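Peer 1: Everything below, folded, please.
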Amino acid sequence: MNHSIHSADRATHLKIVVVALVAGIAVAAFGIAARTGGDYSQTAQSTQVIKAGKPVVVTSSSSSEIR
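Peer 2: Residues are numbered from 1 along each chain as shown. Okay, the predicted model is just below:
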């Protein structure tokens, strides 16, 4: 068994490339499947418009300031 990539033969390099390619395809497929699994499409029929209400002012005087 080769413990260094420098002393590895051609077959070992090919195995590394194939494993990396399969892993990359698996990650990409999982990402695409996870993205298309939910209904996140924004069409004119499913878009909900949220309108702003009246402005709200929030103040707090619980902290004391020393100058």
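Peer 1: and residue 58, which of the three is it?
Peer 2: coil (DSSP: H, G, I helix; E, B strand; the rest coil).
Peer 1: Tell me how far it lies from residue 51.
Peer 2: Distance from residue 58 to residue 51, counting by Cβ to Cβ, to the nearest Å: 20 Å. Backbone N, C-alpha and C define where each C-beta goes, glycine included.
Peer 1: Quick one: the strands in the chain, in order.
Peer 2: Counting by DSSP state E, the chain forms no strands at all.
Peer 1: any idea which residue sits dead centre in it?
Peer 2: residue 31 (8.3 Å; Cα atoms, centre = their mean).
Peer 1: Show the model's pLDDT score for it.
Peer 2: Residue 31 carries a pLDDT score of 89 in this model.
Peer 1: Likewise for residue 12?
Peer 2: 87.
Peer 1: How many residues are close by it?
Peer 2: Residue 12 has 13 neighbours, counted by other Cβ atoms under 10 Å.
Peer 1: Also the one 4 residues further on?
Peer 2: Other residues near residue 16 number 12, with proximity taken as other Cβ under 10 Å.
Peer 1: same deal with residue 8?
Peer 2: Residue 8: 15 neighbours (other Cβ under 10 Å).
Peer 1: Quick check: it vs residue 60, distance?
Peer 2: Applying Cβ to Cβ to residue 8 and residue 60 gives a distance of 65 Å.
Peer 1: Return the distance of residue 52 relative to residue 59.
Peer 2: 20 Å.
Peer 1: What of residue 34?
Peer 2: On the measure of Cβ to Cβ, residue 34 and residue 59 end up 43 Å apart.
Peer 1: out of these two, which sits in the more crowded spot?
Peer 2: The residue with more neighbours, out of residue 34 and residue 59, is residue 34; 9 against 4, by other Cβ under 10 Å.
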